[in-house]
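> Below are the sequence and a predicted model; questions follow.
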Amino acid sequence: MMRLKYNKASFLTALIFSFTAVLLQFLLLAFVFKLAFASYGLILLLEFFGFFIGAYLILSYTLERFLFSRVKELYASVIPTTSYVSTISQFTDIDLLTSNLKKLNSDKNLEIDLLKKEQAYRREFIGNIAHELKTPLFMIEGYVLTLLEGGVEDKKTIKKYLSQTAKGIDRLNFVIKDLDLITKFESGMAKLNWTSFNIIETIKNVFELVARQAQERKISLKMDKVYNKPIQVYADEERIQQVLTNLIINSLKYGIERGTTEVGVEILKENKILVRITDNGEGINEEHLPRLFERFYRVDKTRNRNQGGSGLGLAIVKHIIEAHHEKIFVESEARVGSEFSFSLTLDQKSAL
């Protein structure tokens, strides 16, 4: 049963109605029947309160019922029919129903905002992937059509064209392979091969793999200190090596000539370590940091594309680290340098 609450509109309406009714009765008794006010004054006062209370109760109940029915109709129109029947029966108070409707409206607004952001992200993502695929495809098409038309007879030129075509194919392979890897991680299809390994040895292996790129960029690769003892971690060694490779190559791309890329391992509490990759390169402006791990997001789009790669390296790094239930961090300052770091779990069965 509904509880009647103070309603300003009903109160004022009942007050005006009661005052008008008593006033008309007073005028009738005083001027038509010529009765003295003292003989009926108390009766008029009691009638006023009686009219007021009755009118207020009737108006409040009627208005409450009217508003409640209107809100119920509105409520039914904005939520699914299947859930409406079970939900609306719980509310017998208009305040509770209105409060729930406001919450529902707030939730819907948040959902709409999220959908708008996702739509903008999808639009940007589709545009980026179209550009990433279109560029090498146009290059391949141009060289292949030129060769098929027979306009080139010089063997050196033919070899050059074929070499450029191969680079375009490699670029396509990079994009497709990396997209496939990210999709597997997001869908849960990618499985980790958990094992115990020495992270220091893995870092040294990555240094050997990227040594040529470092020499070309004239950047020194080094550890932050000498590690005399192994540091055993429990993770997927191949994936962690991929993380290290992507982060170090990224550091080399944005490093300065005769600069330094330094890797260190810090032992934390609760059986955790933090692997740091630090450079004194170009650095990244603060506004780019929140989106740095998005697919195809590029700080310097022109230079990044000229340097090759799929544009998915940091996105893959983030997915691999999150698949290990670990965290990745980035700190950077323009024209000073950057530091990427990620946590790993120590192998508790091995002594440090």
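Structure's in. What do you need?
> make it CA atoms for all contacts and neighbour counts henceforth
OK.
> So what does residue 282 have for phi and psi?
phi -70, psi -30 (degrees, to the nearest 10).
> any idea how far it lies from residue 201?
Note on residue 282: its distance to residue 201, by C-alpha to C-alpha, to the nearest Å, is 28 Å.
> out of the two, which sits in the busier spot?
residue 282 (18 against 14; other C-alpha atoms under 10 Å).
> hang on, isn't that one packed against residue 335?
Yes. Residue 282 lies in contact with residue 335 (C-alpha atoms under 8 Å); the separation is 4.6 Å.
> Give the rounded mean pLDDT of the lengthiest helix in the chain.
Longest helix in the chain by number of residues (criterion: DSSP state H): helix 94-148. The average pLDDT for helix 94-148 rounds to 76.
> Then stretch 212-232?
93.
> Okay, buried residues for it please.
Using 16 or more other C-alpha atoms under 10 Å as the test for burial, stretch 212-232 gives 214, 217-221, 223, 231-232.
> which intervals of the stretch 201-350 of the chain have sub-threshold pLDDT?
300-310, 350 (pLDDT under 70).
> Which residue ranges of it form strands?
Assigned by DSSP state E, counting those that start in this stretch, the stretch 201-350 of the chain shows strands spanning 220-223, 232-236, 260-267, 272-279, 328-333, 337-345.
> Off-centre distance for the fourth one?
Strand 272-279 has its average C-alpha position 25 Å from the chain's average C-alpha position, going by C-alpha atoms, centre = their mean, to the nearest Å.
> Tell me the helices and strands packed up against it.
Helices and strands touching strand 272-279, as assessed by 3 or more C-alpha pairs under 8 Å, 6 or more residues apart in numbering; DSSP states H and E, comprise helix 237-253, strand 260-267, strand 337-345.
> Mean neighbour count and distance to residue 147 added to the ones you listed, as JSON lines?
Output for these, formatted as JSON lines (neighbours: other C-alpha atoms under 10 Å; distance: least, C-alpha to C-alpha, whole Å):
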{"stretch": "helix 237-253", "mean neighbour count": "20", "distance to residue 147": "33"}
{"stretch": "strand 260-267", "mean neighbour count": "19", "distance to residue 147": "43"}
{"stretch": "strand 337-345", "mean neighbour count": "21", "distance to residue 147": "45"}
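> so which of the ones you listed comes closest to residue 227?
Closest to residue 227 of the helices and strands packed on strand 272-279 is strand 260-267 (C-alpha to C-alpha; 9.1 Å).
> Show me what that closest one pairs with in its sheet, parallel or antiparallel.
strand 220-223 (parallel), strand 272-279 (antiparallel) (DSSP bridges).
> Now distance to residue 266 too, for these, in CSV please.
Formatted as CSV, the strands paired with strand 260-267 follow (distance: least, C-alpha to C-alpha, whole Å):
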stretch, distance to residue 266
strand 220-223, 12
strand 272-279, 5
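> Out of those strands, flag the one nearest residue 244.
Per C-alpha to C-alpha, nearest to residue 244 of these: strand 272-279, 8.3 Å.
> How about residues contacting that closest one?
Residues outside strand 272-279 that contact it (C-alpha atoms under 8 Å, 6 or more residues apart in numbering) are 247-248, 251, 255, 259-268, 337-346.
> Show me the domain layout of this protein.
The chain breaks down by automatic domain parsing into domains covering 8-92, 110-187, 194-345.
> Kindly state which of those domains is positioned closest to residue 100.
Here domain 8-92 is closest among these (C-alpha to C-alpha), at 9.1 Å.
> Which strand residues bridge residue 337?
Going by DSSP bridges, residue 337 forms beta bridges with residue 333.
> My read is that it contacts residue 262, right?
No. Using C-alpha under 8 Å, residue 337 makes no contact with residue 262, being 11.4 Å away.
> tell me how far stretch 164-181 is from the chain's mean position?
28 Å.
> what do you get for stretch 255-266?
31 Å.
> Numbering from 899 from now on, please.
In the new count, where the first residue is 899, that last one comes out as stretch 1153-1164.
> From one end of that stretch to the other, what's the distance?
By C-alpha to C-alpha, one end of stretch 1153-1164 lies 23 Å from the other end.
> And the contacts of that stretch?
Here stretch 1153-1164 has contacts from 1101, 1115-1123, 1146, 1149-1150, 1171-1180, using C-alpha under 8 Å, 6+ apart.
> Now residue 1224. Nearest residue, chain neighbours left out?
Closest residue in space to residue 1224, ignoring its immediate chain neighbours: residue 1241 at 5.6 Å, by C-alpha to C-alpha, 6 or more residues apart in numbering.
> give the contact list for residue 1088.
1079, 1082.
> Surely it is in a helix?
No. With DSSP: H, G, I helix; E, B strand; the rest coil as the criterion, residue 1088 is coil rather than part of a helix.
> Any figure for the gap between residue 1174 and residue 1012?
34 Å.
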